[in-house]
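Chemist: Attaching a predicted model along with its sequence, questions to come.
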Amino acid sequence: FAGGSVRGVVASLLGKDYTGVDLSSRQIEANEQQGRDLCKDKQPHWINGNSVNIKELAGGEYDFIFSCPPYADLEVYSDAKEDISNMPYKQFIEVYNQIIKKSCDQLKEDRFAVFVVGDVRDKKGFYQNFVSDTIMAFWNCGVILYNEMILVNAVGSLAIRAGKQFSAGRKVGKQHQNVLVFYKGNPKNIKANYPELDLSYISEMNEEIN
């Protein structure tokens with residue numbers, strides 16, 4: 001689920017190797033053009049293909065997994081039969097679990113994986129529990145939820161829509177996504193594998209604001 005170019009471009013500008021797989025050839029072409037425009041020294045690597053075959057497409061060992069998968073059928077990306085965004089939810093989750101398992105198999109020990117997800121409603125209006133299904137998909141691979149952060153979206157038209165939605169069907173508007181951080185291995189090894197961060201800039205920013 002590589003999606004747009006941002007993750008690959010940022011990784012390359014930070015001097016990191018990046019491999020992204022996406023089903024959309026049009027998206028991959030756009031990403032590669034943006035990579036050529038923005039990344040002069042180190043190019044991201046994008047592969048056009050079905051992530052169910054990620055081992056064959058991008059086999060190897062990786063230090064980090066970072067993705068924002070389709071939110072079930074909230075946005076249908078194509079009519080391709082292998083595109084999970086147009087599958088019924090039960091089938092979607094089955095294939096989604098396969099992709100996560102095959103990806104986690106290639107994640108090195110004592111490494112992190114991050115998925116940005118948000119819950120979605122079914123046709124009747126009930127939440128499908130997509131966030132919890134994602135957590136369990138990783139748990140079944142032995143890659144356990146370690147941190148969770150909330151990404152607050154721009155308000156946009158929600159304030160206008162929320163009143164009508166609540167009045168008509170008692171639906172509360174949704175304004176956030178869940179940033180799920182998973183860890184493969186023993187958390188006691190984190191300190192040895194990851195450098196201490198210099199967070200002094202936070203205090204400096206607070207002083208400037210005050």
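Modeler: Thanks, I have the structure now.
Chemist: contacts, neighbours, all on C-alpha from now
Modeler: Will do.
Chemist: Check the gap between Q33 and Q106 for me.
Modeler: Per C-alpha to C-alpha, to the nearest Å, Q33 is found 28 Å from Q106.
Chemist: got the buried residues for the lengthiest strand in the chain?
Modeler: Counting residues, the longest strand found in the chain (DSSP state E) is strand 107-117. By neighbour count with 16 or more other C-alpha atoms under 10 Å, strand 107-117 contains the buried residues L107, E109, D110, R111, F112, A113, V114, F115, V116, V117.
Chemist: So what touches the helix or strand R36 falls within?
Modeler: Applying DSSP states H and E as the criterion places R36 in helix 25-38. With contact meaning C-alpha atoms under 8 Å, 6 or more residues apart in numbering, helix 25-38 is reached by G3, G4, S5, G8, V9, D22, Q43, P44, W46, I47, N48.
Chemist: low-confidence ranges in the chain?
Modeler: Scanning the chain for pLDDT under 70 picks out 74, 210.
Chemist: Helices along that one, start to end?
Modeler: Secondary structure of the chain (DSSP state H): helices located at 6-13, 25-38, 54-58, 89-105, 130-139, 158-169, 190-193, 200-209.
Chemist: For L151, which of these is the nearest?
Modeler: Closest of these to L151 is helix 130-139, at 13.6 Å (criterion: C-alpha to C-alpha).
Chemist: Who are the packing partners of the closest one?
Modeler: For helix 130-139, the contact count by 3 or more C-alpha pairs under 8 Å, 6 or more residues apart in numbering; DSSP states H and E identifies helix 89-105, strand 144-152, strand 176-184 as packing neighbours.
Chemist: coming back round to it: could you list every helix and strand in contact with the longest strand of the chain?
Modeler: Right, strand 107-117 is packed against strand 62-67, strand 176-184 by 3+ C-alpha pairs under 8 Å, 6+ apart.
Chemist: hey, C-alpha coordinates of the last one in PDB?
Modeler: What it means is strand 176-184. Output in PDB follows, covering the C-alpha atoms of strand 176-184 (Å, rounded to 0.1, in the frame of the first residue of the first chain):
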ATOM      1  CA  HIS A 176      -9.100  11.500  13.600                       C
ATOM      2  CA  GLN A 177      -7.000   8.500  12.400                       C
ATOM      3  CA  ASN A 178      -5.100   6.000  14.600                       C
ATOM      4  CA  VAL A 179      -1.400   5.700  14.200                       C
ATOM      5  CA  LEU A 180      -0.600   2.200  15.500                       C
ATOM      6  CA  VAL A 181       3.000   1.400  16.400                       C
ATOM      7  CA  PHE A 182       3.900  -2.300  16.600                       C
ATOM      8  CA  TYR A 183       7.100  -3.900  17.800                       C
ATOM      9  CA  LYS A 184       8.700  -7.200  16.800                       C
END
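Chemist: Now it: buried residues?
Modeler: Residues of strand 176-184 classed as buried: Q177, N178, V179, L180, V181, F182, Y183, K184 (neighbour count, 16+ other C-alpha under 10 Å).
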